[in-house]
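Colleague: The following comprises the amino acid sequence and a computationally predicted model.
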There are 2 protein chains.
Amino acid sequence: MPQRGNTESVDNYLKAIFTLGGPEERRVASKSLAEELGVAPASVTNMLQKLALAAAPLVEYERHRGVQLSASGRKRALEVLRHHRLIETFLYEVLDYPLDEVHEEAERLEHFISERFEQRIAAKLGNPRIDPHGHSIPTLEGEIPKQRSILLSELPTEGEFVIDSISDRDAQTLRMLHACGIAPGARLRVKKSSAGVSYSVRVGRASKALNLSPEMAREIRILPAPM
Amino acid sequence: MPQRGNTESVDNYLKAIFTLGGPEERRVASKSLAEELGVAPASVTNMLQKLALAAAPLVEYERHRGVQLSASGRKRALEVLRHHRLIETFLYEVLDYPLDEVHEEAERLEHFISERFEQRIAAKLGNPRIDPHGHSIPTLEGEIPKQRSILLSELPTEGEFVIDSISDRDAQTLRMLHACGIAPGARLRVKKSSAGVSYSVRVGRASKALNLSPEMAREIRILPAPM
DNA sequence: CCTGCATATTAGGTTTACCTAATTCCTGCG
DNA sequence: CGCAGGAATTAGGTAAACCTAATATGCAGG
(Lines give C-alpha, C1' and ligand atoms only; values in the text may rest on other atoms or scores of the structure.)
Protein backbone atom coordinates (compact mmCIF):
# COMPACT_ATOMS: atom_id res chain seq x y z
CA MET A 1 0.00 0.00 0.00
CA PRO A 2 2.23 2.71 -1.32
CA GLN A 3 1.89 6.29 -0.23
CA ARG A 4 0.00 9.06 -2.08
CA GLY A 5 -2.95 6.89 -2.97
CA ASN A 6 -1.17 5.25 -5.89
CA THR A 7 -0.92 1.51 -5.80
CA GLU A 8 2.31 -0.30 -6.49
CA SER A 9 0.87 -1.37 -9.79
CA VAL A 10 -0.02 2.13 -10.89
CA ASP A 11 3.44 3.35 -9.99
CA ASN A 12 4.93 0.63 -12.13
CA TYR A 13 2.83 1.65 -15.12
CA LEU A 14 3.91 5.26 -14.73
CA LYS A 15 7.55 4.32 -14.46
CA ALA A 16 7.30 2.10 -17.53
CA ILE A 17 5.59 4.82 -19.58
CA PHE A 18 8.27 7.25 -18.52
CA THR A 19 11.19 5.04 -19.46
CA LEU A 20 9.68 3.73 -22.69
CA GLY A 21 8.69 7.23 -23.78
CA GLY A 22 12.33 8.26 -23.68
CA PRO A 23 13.58 11.81 -23.22
CA GLU A 24 11.23 13.11 -25.93
CA GLU A 25 8.32 11.62 -24.04
CA ARG A 26 6.79 10.10 -27.11
CA ARG A 27 3.56 8.12 -26.95
CA VAL A 28 3.97 4.54 -25.80
CA ALA A 29 2.14 1.58 -27.33
CA SER A 30 0.17 -0.87 -25.19
CA LYS A 31 2.14 -3.74 -26.53
CA SER A 32 5.49 -2.41 -25.41
CA LEU A 33 4.07 -1.61 -21.98
CA ALA A 34 2.72 -5.14 -21.77
CA GLU A 35 6.16 -6.52 -22.54
CA GLU A 36 7.95 -4.16 -20.16
CA LEU A 37 5.59 -4.97 -17.32
CA GLY A 38 5.15 -8.66 -18.07
CA VAL A 39 1.36 -8.52 -18.29
CA ALA A 40 -1.18 -9.23 -21.04
CA PRO A 41 -2.01 -6.40 -23.48
CA ALA A 42 -5.62 -6.47 -22.35
CA SER A 43 -4.53 -5.71 -18.81
CA VAL A 44 -2.66 -2.68 -20.08
CA THR A 45 -5.69 -1.31 -21.92
CA ASN A 46 -7.77 -1.71 -18.78
CA MET A 47 -5.29 0.05 -16.58
CA LEU A 48 -4.72 2.90 -19.02
CA GLN A 49 -8.43 3.52 -19.28
CA LYS A 50 -8.67 3.65 -15.54
CA LEU A 51 -5.73 6.01 -15.19
CA ALA A 52 -6.99 8.31 -17.95
CA LEU A 53 -10.52 8.51 -16.57
CA ALA A 54 -9.57 9.26 -12.99
CA ALA A 55 -10.51 12.60 -11.40
CA ALA A 56 -6.90 13.76 -11.70
CA PRO A 57 -5.69 11.76 -14.71
CA LEU A 58 -2.14 10.47 -14.57
CA VAL A 59 -1.96 9.78 -18.29
CA GLU A 60 -3.30 11.01 -21.59
CA TYR A 61 -4.69 8.15 -23.53
CA GLU A 62 -6.52 7.77 -26.83
CA ARG A 63 -7.71 4.42 -28.07
CA HIS A 64 -5.32 2.87 -30.54
CA ARG A 65 -2.85 5.76 -30.29
CA GLY A 66 -0.82 4.95 -27.21
CA VAL A 67 -0.30 6.83 -23.92
CA GLN A 68 1.68 9.72 -22.56
CA LEU A 69 2.12 10.87 -18.99
CA SER A 70 0.19 13.89 -17.81
CA ALA A 71 2.09 16.48 -15.78
CA SER A 72 1.12 14.82 -12.52
CA GLY A 73 1.86 11.35 -13.89
CA ARG A 74 5.30 12.50 -14.89
CA LYS A 75 5.83 14.01 -11.47
CA ARG A 76 4.91 10.77 -9.78
CA ALA A 77 7.07 8.71 -12.15
CA LEU A 78 10.04 10.89 -11.26
CA GLU A 79 9.33 10.53 -7.55
CA VAL A 80 9.38 6.79 -7.90
CA LEU A 81 12.52 6.91 -10.01
CA ARG A 82 14.14 9.10 -7.37
CA HIS A 83 13.22 6.56 -4.74
CA HIS A 84 14.61 3.77 -6.85
CA ARG A 85 17.94 5.40 -7.49
CA LEU A 86 18.39 6.73 -3.98
CA ILE A 87 17.69 3.28 -2.60
CA GLU A 88 20.17 1.71 -5.00
CA THR A 89 22.80 4.21 -3.95
CA PHE A 90 22.04 3.63 -0.32
CA LEU A 91 22.22 -0.14 -0.59
CA TYR A 92 25.51 0.11 -2.40
CA GLU A 93 27.18 2.81 -0.31
CA VAL A 94 25.80 2.21 3.16
CA LEU A 95 24.79 -1.44 3.22
CA ASP A 96 27.62 -2.72 1.02
CA TYR A 97 25.39 -4.56 -1.41
CA PRO A 98 27.04 -6.03 -4.47
CA LEU A 99 26.12 -3.82 -7.42
CA ASP A 100 24.18 -6.51 -9.21
CA GLU A 101 21.76 -6.97 -6.30
CA VAL A 102 20.69 -3.40 -5.70
CA HIS A 103 18.15 -3.22 -8.52
CA GLU A 104 15.90 -6.02 -7.38
CA GLU A 105 15.70 -4.76 -3.82
CA ALA A 106 15.12 -1.17 -4.93
CA GLU A 107 12.40 -2.30 -7.31
CA ARG A 108 10.42 -3.59 -4.36
CA LEU A 109 11.20 -0.97 -1.73
CA GLU A 110 10.72 2.10 -3.94
CA HIS A 111 6.95 1.77 -3.52
CA PHE A 112 6.89 1.57 0.22
CA ILE A 113 9.29 4.10 1.70
CA SER A 114 7.99 7.32 3.23
CA GLU A 115 9.01 10.86 2.43
CA ARG A 116 10.97 10.82 5.64
CA PHE A 117 12.90 7.73 4.65
CA GLU A 118 13.71 9.24 1.29
CA GLN A 119 14.85 12.45 2.91
CA ARG A 120 17.02 10.68 5.47
CA ILE A 121 18.87 8.45 3.07
CA ALA A 122 19.39 11.37 0.69
CA ALA A 123 20.89 13.36 3.56
CA LYS A 124 23.04 10.46 4.69
CA LEU A 125 24.42 10.13 1.17
CA GLY A 126 25.01 13.87 0.77
CA ASN A 127 22.20 14.39 -1.75
CA PRO A 128 23.81 12.45 -4.55
CA ARG A 129 23.05 13.31 -8.18
CA ILE A 130 24.17 10.02 -9.65
CA ASP A 131 23.46 6.44 -8.65
CA PRO A 132 26.05 3.64 -8.73
CA HIS A 133 25.09 2.67 -12.28
CA GLY A 134 25.77 6.21 -13.47
CA HIS A 135 22.11 7.25 -13.75
CA SER A 136 20.94 10.69 -12.73
CA ILE A 137 18.79 10.89 -9.63
CA PRO A 138 15.75 13.15 -10.09
CA THR A 139 15.61 16.03 -7.63
CA LEU A 140 12.99 16.42 -4.96
CA GLU A 141 11.31 18.91 -7.29
CA GLY A 142 11.02 16.30 -10.02
CA GLU A 143 13.76 17.51 -12.30
CA ILE A 144 16.26 15.36 -14.07
CA PRO A 145 19.04 16.50 -16.41
CA LYS A 146 18.59 15.64 -20.07
CA GLN A 147 20.51 12.56 -21.21
CA ARG A 148 23.57 13.58 -23.20
CA SER A 149 25.08 10.16 -23.47
CA ILE A 150 24.42 7.75 -26.32
CA LEU A 151 24.06 4.01 -26.42
CA LEU A 152 27.28 2.26 -27.32
CA SER A 153 25.15 0.27 -29.75
CA GLU A 154 24.33 3.47 -31.63
CA LEU A 155 27.86 4.69 -31.87
CA PRO A 156 28.30 7.02 -34.87
CA THR A 157 32.10 6.93 -35.03
CA GLU A 158 34.85 4.84 -33.57
CA GLY A 159 37.08 6.51 -31.02
CA GLU A 160 37.66 7.23 -27.39
CA PHE A 161 34.83 7.49 -24.86
CA VAL A 162 33.97 7.53 -21.21
CA ILE A 163 31.29 5.27 -19.81
CA ASP A 164 28.36 7.31 -18.63
CA SER A 165 26.15 4.57 -17.27
CA ILE A 166 25.22 0.94 -17.45
CA SER A 167 21.77 -0.55 -17.38
CA ASP A 168 20.66 -2.16 -14.13
CA ARG A 169 18.02 -4.42 -15.68
CA ASP A 170 19.86 -7.69 -15.60
CA ALA A 171 22.04 -8.89 -12.75
CA GLN A 172 23.81 -11.45 -14.92
CA THR A 173 24.88 -8.83 -17.47
CA LEU A 174 25.93 -6.51 -14.72
CA ARG A 175 28.25 -9.13 -13.27
CA MET A 176 29.79 -9.74 -16.67
CA LEU A 177 30.39 -6.06 -17.29
CA HIS A 178 31.83 -5.65 -13.84
CA ALA A 179 34.23 -8.53 -14.47
CA CYS A 180 35.45 -6.72 -17.60
CA GLY A 181 36.07 -3.50 -15.69
CA ILE A 182 33.18 -1.79 -17.43
CA ALA A 183 31.80 0.73 -14.95
CA PRO A 184 30.72 4.37 -15.01
CA GLY A 185 33.72 6.65 -15.49
CA ALA A 186 35.89 4.03 -17.18
CA ARG A 187 37.63 5.07 -20.40
CA LEU A 188 36.90 3.11 -23.56
CA ARG A 189 38.64 2.89 -26.91
CA VAL A 190 36.08 1.46 -29.33
CA LYS A 191 36.29 -0.06 -32.82
CA LYS A 192 33.59 -1.83 -34.74
CA SER A 193 34.72 -5.38 -35.21
CA SER A 194 34.77 -7.54 -38.33
CA ALA A 195 31.15 -7.87 -39.47
CA GLY A 196 30.34 -4.44 -38.07
CA VAL A 197 27.82 -5.89 -35.65
CA SER A 198 29.90 -6.31 -32.55
CA TYR A 199 32.40 -4.05 -30.88
CA SER A 200 36.03 -4.29 -29.95
CA VAL A 201 36.71 -2.26 -26.87
CA ARG A 202 39.83 -1.59 -24.83
CA VAL A 203 39.00 -0.62 -21.24
CA GLY A 204 41.21 1.92 -19.48
CA ARG A 205 44.86 1.15 -20.22
CA ALA A 206 44.23 -2.56 -20.71
CA SER A 207 46.56 -4.27 -23.14
CA LYS A 208 44.06 -6.54 -24.78
CA ALA A 209 40.76 -5.53 -26.34
CA LEU A 210 37.58 -7.40 -25.60
CA ASN A 211 34.65 -8.17 -27.78
CA LEU A 212 31.18 -6.89 -26.96
CA SER A 213 28.02 -8.32 -28.49
CA PRO A 214 25.37 -5.90 -29.76
CA GLU A 215 23.18 -6.95 -26.82
CA MET A 216 25.88 -5.91 -24.40
CA ALA A 217 26.41 -2.67 -26.30
CA ARG A 218 22.76 -1.83 -25.71
CA GLU A 219 23.36 -1.88 -21.95
CA ILE A 220 26.09 0.74 -22.02
CA ARG A 221 25.81 4.52 -22.46
CA ILE A 222 28.86 6.55 -23.38
CA LEU A 223 30.08 10.12 -23.73
CA PRO A 224 32.94 11.45 -25.84
CA ALA A 225 36.16 11.24 -23.85
CA PRO A 226 37.22 14.65 -22.52
CA MET A 227 40.32 16.15 -24.28
CA MET B 1 4.38 -8.85 -2.70
CA PRO B 2 6.30 -10.07 0.32
CA GLN B 3 8.83 -12.83 0.12
CA ARG B 4 8.25 -16.50 0.98
CA GLY B 5 4.87 -16.68 -0.68
CA ASN B 6 3.09 -15.07 2.26
CA THR B 7 1.13 -11.97 1.52
CA GLU B 8 1.41 -8.86 3.63
CA SER B 9 -2.02 -9.60 4.97
CA VAL B 10 -1.16 -13.14 6.03
CA ASP B 11 1.97 -11.91 7.79
CA ASN B 12 -0.12 -9.42 9.70
CA TYR B 13 -2.52 -12.11 10.87
CA LEU B 14 0.38 -14.25 12.06
CA LYS B 15 1.96 -11.38 13.90
CA ALA B 16 -1.34 -10.49 15.55
CA ILE B 17 -1.97 -14.09 16.64
CA PHE B 18 1.53 -14.22 18.06
CA THR B 19 1.24 -11.04 20.06
CA LEU B 20 -2.32 -11.64 21.27
CA GLY B 21 -1.52 -15.22 22.25
CA GLY B 22 1.09 -13.94 24.66
CA PRO B 23 4.09 -15.92 25.88
CA GLU B 24 1.89 -18.91 26.76
CA GLU B 25 0.60 -18.94 23.19
CA ARG B 26 -2.99 -19.35 24.22
CA ARG B 27 -5.75 -19.59 21.64
CA VAL B 28 -6.85 -16.27 20.22
CA ALA B 29 -10.49 -15.33 19.56
CA SER B 30 -11.61 -14.02 16.19
CA LYS B 31 -13.02 -10.95 17.77
CA SER B 32 -9.76 -9.83 19.32
CA LEU B 33 -7.96 -10.46 16.05
CA ALA B 34 -10.57 -8.39 14.25
CA GLU B 35 -9.99 -5.53 16.67
CA GLU B 36 -6.22 -5.81 16.53
CA LEU B 37 -6.19 -5.83 12.75
CA GLY B 38 -8.99 -3.36 12.22
CA VAL B 39 -11.09 -5.68 10.05
CA ALA B 40 -14.56 -7.20 10.36
CA PRO B 41 -14.90 -10.48 12.32
CA ALA B 42 -16.20 -12.20 9.20
CA SER B 43 -12.96 -11.36 7.41
CA VAL B 44 -11.02 -12.98 10.20
CA THR B 45 -13.01 -16.20 10.00
CA ASN B 46 -12.41 -16.33 6.25
CA MET B 47 -8.71 -15.80 6.55
CA LEU B 48 -8.29 -18.30 9.37
CA GLN B 49 -10.10 -20.97 7.40
CA LYS B 50 -7.83 -20.30 4.46
CA LEU B 51 -4.68 -20.42 6.57
CA ALA B 52 -5.75 -23.59 8.35
CA LEU B 53 -6.70 -25.43 5.17
CA ALA B 54 -3.51 -24.65 3.25
CA ALA B 55 -1.15 -27.44 2.24
CA ALA B 56 1.28 -26.40 4.98
CA PRO B 57 -1.08 -24.82 7.53
CA LEU B 58 0.18 -21.76 9.35
CA VAL B 59 -2.43 -22.00 12.09
CA GLU B 60 -4.48 -24.51 13.99
CA TYR B 61 -8.06 -23.50 13.93
CA GLU B 62 -11.30 -25.02 15.16
CA ARG B 63 -14.64 -23.34 14.60
CA HIS B 64 -15.73 -21.35 17.60
CA ARG B 65 -12.60 -22.19 19.60
CA GLY B 66 -10.06 -19.64 18.36
CA VAL B 67 -6.68 -20.05 16.68
CA GLN B 68 -3.13 -20.89 17.54
CA LEU B 69 -0.02 -20.68 15.40
CA SER B 70 1.39 -23.89 13.98
CA ALA B 71 5.15 -24.39 14.23
CA SER B 72 5.70 -22.86 10.81
CA GLY B 73 3.27 -20.04 11.52
CA ARG B 74 5.16 -19.22 14.67
CA LYS B 75 8.43 -19.28 12.79
CA ARG B 76 7.14 -16.85 10.21
CA ALA B 77 5.65 -14.57 12.87
CA LEU B 78 9.04 -14.38 14.52
CA GLU B 79 10.75 -13.63 11.23
CA VAL B 80 8.43 -10.73 10.66
CA LEU B 81 8.89 -9.55 14.22
CA ARG B 82 12.64 -9.74 13.74
CA HIS B 83 12.32 -7.64 10.61
CA HIS B 84 10.19 -5.14 12.41
CA ARG B 85 12.52 -4.69 15.33
CA LEU B 86 15.69 -4.66 13.27
CA ILE B 87 14.19 -2.02 11.01
CA GLU B 88 13.16 0.07 14.00
CA THR B 89 16.65 -0.15 15.40
CA PHE B 90 18.15 0.72 12.07
CA LEU B 91 15.93 3.73 11.52
CA TYR B 92 16.73 4.99 14.98
CA GLU B 93 20.45 4.30 15.04
CA VAL B 94 21.51 4.78 11.45
CA LEU B 95 18.92 7.10 9.94
CA ASP B 96 18.37 9.21 13.07
CA TYR B 97 14.62 8.82 13.08
CA PRO B 98 12.77 10.23 16.08
CA LEU B 99 11.73 7.28 18.24
CA ASP B 100 8.03 7.89 17.75
CA GLU B 101 8.25 7.53 13.97
CA VAL B 102 10.09 4.24 13.67
CA HIS B 103 7.08 2.01 14.27
CA GLU B 104 4.97 3.20 11.39
CA GLU B 105 7.78 2.91 8.86
CA ALA B 106 8.83 -0.51 10.16
CA GLU B 107 5.25 -1.72 10.03
CA ARG B 108 5.26 -1.17 6.28
CA LEU B 109 8.79 -2.18 5.39
CA GLU B 110 8.91 -5.38 7.46
CA HIS B 111 6.95 -7.17 4.73
CA PHE B 112 9.13 -6.20 1.84
CA ILE B 113 12.79 -6.48 2.80
CA SER B 114 14.86 -9.42 1.56
CA GLU B 115 16.94 -11.80 3.61
CA ARG B 116 19.96 -9.91 2.40
CA PHE B 117 18.63 -6.60 3.62
CA GLU B 118 17.85 -8.11 6.99
CA GLN B 119 21.29 -9.61 7.21
CA ARG B 120 23.03 -6.38 6.21
CA ILE B 121 21.27 -4.13 8.66
CA ALA B 122 21.76 -6.67 11.43
CA ALA B 123 25.49 -6.73 10.67
CA LYS B 124 25.68 -2.94 10.47
CA LEU B 125 24.08 -2.71 13.90
CA GLY B 126 26.27 -5.42 15.42
CA ASN B 127 23.50 -8.01 15.69
CA PRO B 128 21.53 -6.21 18.36
CA ARG B 129 19.36 -8.15 20.82
CA ILE B 130 17.18 -5.24 21.86
CA ASP B 131 15.39 -2.58 19.86
CA PRO B 132 15.15 1.07 20.87
CA HIS B 133 11.88 0.46 22.73
CA GLY B 134 13.55 -2.22 24.84
CA HIS B 135 11.96 -5.18 23.05
CA SER B 136 13.93 -8.35 22.34
CA ILE B 137 14.78 -9.00 18.72
CA PRO B 138 14.15 -12.63 17.70
CA THR B 139 17.23 -14.41 16.42
CA LEU B 140 17.70 -15.60 12.87
CA GLU B 141 16.76 -19.05 14.15
CA GLY B 142 13.43 -17.78 15.43
CA GLU B 143 14.19 -17.71 19.12
CA ILE B 144 13.24 -15.00 21.51
CA PRO B 145 13.96 -14.86 25.25
CA LYS B 146 10.96 -15.27 27.52
CA GLN B 147 9.52 -12.01 28.88
CA ARG B 148 10.52 -11.51 32.49
CA SER B 149 9.26 -8.00 32.84
CA ILE B 150 5.76 -7.13 34.04
CA LEU B 151 3.39 -4.39 33.06
CA LEU B 152 3.58 -1.38 35.32
CA SER B 153 -0.20 -1.60 35.39
CA GLU B 154 0.02 -5.02 37.02
CA LEU B 155 2.48 -4.01 39.66
CA PRO B 156 2.20 -6.28 42.72
CA THR B 157 4.12 -4.06 45.16
CA GLU B 158 5.33 -0.53 45.28
CA GLY B 159 9.06 0.00 45.11
CA GLU B 160 12.02 0.60 42.89
CA PHE B 161 12.16 -0.63 39.30
CA VAL B 162 13.97 -0.33 36.02
CA ILE B 163 12.09 0.24 32.82
CA ASP B 164 12.38 -2.78 30.57
CA SER B 165 10.47 -1.57 27.56
CA ILE B 166 7.76 0.72 26.30
CA SER B 167 5.10 -0.06 23.77
CA ASP B 168 5.57 1.33 20.29
CA ARG B 169 1.90 1.24 19.32
CA ASP B 170 1.07 4.88 19.63
CA ALA B 171 3.35 7.73 18.56
CA GLN B 172 1.50 10.25 20.71
CA THR B 173 1.99 8.21 23.89
CA LEU B 174 5.59 7.62 22.99
CA ARG B 175 6.24 11.35 22.73
CA MET B 176 4.63 11.91 26.11
CA LEU B 177 6.68 9.22 27.78
CA HIS B 178 9.82 10.50 26.15
CA ALA B 179 9.09 14.00 27.42
CA CYS B 180 8.86 12.57 30.96
CA GLY B 181 12.21 10.83 30.64
CA ILE B 182 10.56 7.43 30.57
CA ALA B 183 12.77 5.22 28.44
CA PRO B 184 14.23 1.71 28.65
CA GLY B 185 16.85 1.53 31.37
CA ALA B 186 15.50 4.44 33.38
CA ARG B 187 15.05 3.89 37.11
CA LEU B 188 11.61 4.31 38.63
CA ARG B 189 10.35 4.69 42.15
CA VAL B 190 6.66 3.80 42.08
CA LYS B 191 3.77 4.33 44.46
CA LYS B 192 0.09 3.78 43.87
CA SER B 193 -1.61 7.09 44.12
CA SER B 194 -4.74 8.13 46.01
CA ALA B 195 -7.57 6.05 44.58
CA GLY B 196 -5.18 3.19 43.79
CA VAL B 197 -5.90 3.43 40.08
CA SER B 198 -3.10 5.66 38.91
CA TYR B 199 0.59 5.69 39.75
CA SER B 200 2.96 8.17 41.21
CA VAL B 201 6.42 7.67 39.77
CA ARG B 202 9.74 9.38 40.28
CA VAL B 203 12.03 8.95 37.29
CA GLY B 204 15.77 8.59 37.92
CA ARG B 205 16.81 11.07 40.57
CA ALA B 206 14.12 13.58 39.70
CA SER B 207 12.90 15.68 42.55
CA LYS B 208 9.24 15.68 41.73
CA ALA B 209 7.06 12.67 41.11
CA LEU B 210 4.71 12.50 38.17
CA ASN B 211 1.35 10.93 37.83
CA LEU B 212 0.69 8.13 35.37
CA SER B 213 -2.77 7.10 34.25
CA PRO B 214 -3.61 3.38 34.12
CA GLU B 215 -3.59 3.66 30.31
CA MET B 216 -0.03 4.92 30.39
CA ALA B 217 0.93 2.23 32.88
CA ARG B 218 -0.21 -0.38 30.39
CA GLU B 219 2.38 0.86 27.91
CA ILE B 220 5.33 0.33 30.24
CA ARG B 221 7.05 -2.90 31.26
CA ILE B 222 9.30 -2.96 34.30
CA LEU B 223 11.79 -5.17 36.12
CA PRO B 224 12.79 -5.06 39.79
CA ALA B 225 15.65 -2.63 40.18
CA PRO B 226 18.98 -4.39 40.64
CA MET B 227 20.32 -4.18 44.23
C1' DC C 1 -33.09 -26.71 31.43
C1' DC C 2 -33.78 -23.33 28.49
C1' DT C 3 -33.31 -18.81 26.70
C1' DG C 4 -30.79 -14.48 25.50
C1' DC C 5 -26.78 -12.33 23.98
C1' DA C 6 -22.34 -12.04 22.52
C1' DT C 7 -19.45 -14.31 19.42
C1' DA C 8 -18.75 -16.79 15.20
C1' DT C 9 -19.85 -18.30 10.76
C1' DT C 10 -22.15 -18.33 6.27
C1' DA C 11 -23.88 -16.02 2.23
C1' DG C 12 -23.37 -12.87 -1.04
C1' DG C 13 -21.19 -8.60 -2.80
C1' DT C 14 -17.10 -5.15 -3.95
C1' DT C 15 -12.55 -3.68 -5.67
C1' DT C 16 -8.06 -4.32 -7.73
C1' DA C 17 -5.40 -6.25 -10.98
C1' DC C 18 -4.76 -9.73 -13.40
C1' DC C 19 -6.10 -13.48 -17.19
C1' DT C 20 -7.98 -15.76 -21.95
C1' DA C 21 -10.78 -15.61 -25.93
C1' DA C 22 -13.35 -13.07 -29.12
C1' DT C 23 -13.82 -9.04 -31.69
C1' DT C 24 -12.64 -4.64 -33.76
C1' DC C 25 -9.45 -1.39 -35.66
C1' DC C 26 -5.92 0.37 -38.58
C1' DT C 27 -2.42 0.34 -41.81
C1' DG C 28 0.50 -1.02 -45.46
C1' DC C 29 0.90 -3.88 -49.42
C1' DG C 30 -0.45 -5.88 -53.50
C1' DC D 1 -8.89 0.21 -53.18
C1' DG D 2 -9.49 -3.63 -50.45
C1' DC D 3 -8.02 -6.79 -47.37
C1' DA D 4 -4.58 -9.47 -44.31
C1' DG D 5 -2.39 -9.44 -40.25
C1' DG D 6 -0.82 -7.35 -36.22
C1' DA D 7 -2.27 -4.37 -32.47
C1' DA D 8 -5.82 -2.96 -29.51
C1' DT D 9 -10.01 -3.39 -27.26
C1' DT D 10 -14.08 -5.66 -25.36
C1' DA D 11 -16.26 -9.38 -22.88
C1' DG D 12 -16.25 -12.32 -19.36
C1' DG D 13 -13.73 -14.72 -15.62
C1' DT D 14 -10.40 -15.52 -11.36
C1' DA D 15 -8.11 -14.74 -6.84
C1' DA D 16 -7.27 -11.88 -2.75
C1' DA D 17 -8.93 -9.56 0.88
C1' DC D 18 -12.08 -6.97 2.25
C1' DC D 19 -17.26 -5.68 3.47
C1' DT D 20 -22.49 -6.09 5.33
C1' DA D 21 -26.39 -8.67 6.61
C1' DA D 22 -28.32 -12.89 7.91
C1' DT D 23 -27.89 -16.97 10.53
C1' DA D 24 -26.02 -20.25 13.78
C1' DT D 25 -23.58 -21.48 18.21
C1' DG D 26 -22.73 -21.96 22.84
C1' DC D 27 -22.54 -20.54 27.34
C1' DA D 28 -24.23 -18.22 31.63
C1' DG D 29 -27.96 -16.93 34.50
C1' DG D 30 -32.46 -17.25 35.86
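Modeller: Cool, the structure landed. Numbering: from 1, shown residues only, chains lettered A, B, ... in the order given.
Colleague: Tell me the gap between the longest helix anywhere in chain A and the middle of its chain.
Modeller: For chain A, the helix with the greatest residue count under DSSP state H is helix A:71-93. In terms of Cα atoms, centre = their mean, to the nearest Å, the gap separating the centre of helix A:71-93 from the centre of its chain is 10 Å.
Colleague: Show me the domain layout of chain A.
Modeller: A:4-69, A:150-224 (automatic domain parsing).
Colleague: Nearest to chain B, out of those?
Modeller: For the domains of chain A, the distance to chain B is smallest for domain A:4-69, at 7.9 Å, taking Cβ to the nearest Cβ. In this view, the C-beta of every residue, glycine as well, is placed from N, C-alpha and C.
Colleague: Would you state the strands of chain A in chain order?
Modeller: Secondary structure of chain A, counting by DSSP state E: strands at A:59-61, A:67-69, A:150-151, A:159-166, A:187-192, A:199-203, A:210-212, A:220-224.
Colleague: Name the residues of chain A found near DNA strand C, please.
Modeller: Remark: the part of chain A in contact with DNA strand C comprises A:7-10, A:12, A:38-40, A:42-43, A:46-47, A:50, A:63-64, using Cβ under 7 Å from any atom of the strand.
Colleague: Which two of these have the greatest separation?
Modeller: By the measure Cβ to Cβ, A:8 and A:64 form the most distant pair in these, at 27.8 Å.
Colleague: Who has more neighbours out of the two?
Modeller: residue A:8 (15 against 7; other Cβ atoms under 10 Å in any protein chain shown).
Colleague: The more buried one against residue A:111, yeah?
Modeller: Yes - using Cβ atoms under 8 Å, residue A:8 and residue A:111 qualify as a contacting pair, with a distance of 4.4 Å.
Colleague: What ranges in chain A fall below the confidence cut-off?
Modeller: For chain A, the stretches with pLDDT under 70 are A:1-4.
Colleague: let's see 80
Modeller: For chain A, applying pLDDT under 80 flags the ranges A:1-5, A:193-197, A:227.
Colleague: Flag every residue of it that's near chain B.
Modeller: Taking Cβ under 8 Å from any Cβ of the partner chain as the criterion, chain A approaches chain B at residues A:1, A:8, A:91, A:94-97, A:101, A:104-105, A:108-109, A:112-114, A:116-117, A:120-121, A:124.
Colleague: out of those, which are buried?
Modeller: Of the members of the residues of chain A next to chain B, the ones counted as buried by neighbours, 16 or more other Cβ atoms under 10 Å in any protein chain shown, are A:91, A:94-95, A:97, A:101, A:105, A:108-109, A:112-113, A:117, A:120-121, A:124.
Colleague: Among those residues, which pair sits farthest apart?
Modeller: Pairwise distances across these peak at 21.7 Å for A:101 and A:120 (criterion: Cβ to Cβ).
Colleague: Where do the helices of chain A begin and end?
Modeller: A:8-21, A:30-37, A:41-53, A:71-93, A:102-109, A:115-124, A:171-179, A:214-217.
Colleague: Not counting its own residues, what contacts stretch A:16-36?
Modeller: Contacts with stretch A:16-36, where a contact means Cβ atoms under 8 Å, 6 or more residues apart in numbering or on different chains, come from A:13, A:37, A:40-41, A:43-45, A:48, A:59, A:65-69, A:73-74, A:77-78, A:81, A:146-147.
Colleague: Please pick the buried ones from the residues you listed.
Modeller: Neighbour-count burial (16+ other Cβ under 10 Å) is assigned, among these, to A:13, A:37, A:43-45, A:48, A:59, A:66-69, A:73-74, A:77-78, A:81.
Colleague: from the residues you listed, which is closest to DNA strand D?
Modeller: Top of the list for closeness to DNA strand D, among the buried ones among the contacts of stretch A:16-36 and by Cβ to the nearest atom of the strand, is residue A:45 at 3.6 Å.
Colleague: Who are the contact partners of that closest one?
Modeller: Listed by Cβ under 8 Å, 6+ apart, the contact partners of residue A:45 are residue A:30.
Colleague: got it, and residue A:128?
Modeller: When contacts are counted by Cβ under 8 Å, 6+ apart, residue A:128 is found next to A:86, A:89, A:122, A:137.
Colleague: I figured residue A:51 hits residue A:60, correct?
Modeller: No - the pair residue A:51 / residue A:60 is not scored as a contact, 9.6 Å apart, by Cβ under 8 Å.
Colleague: which of those two has more neighbours?
Modeller: Here residue A:51 and residue A:60 are compared on neighbour count by other Cβ under 10 Å; more neighbours surround residue A:51, at 22 against 17.
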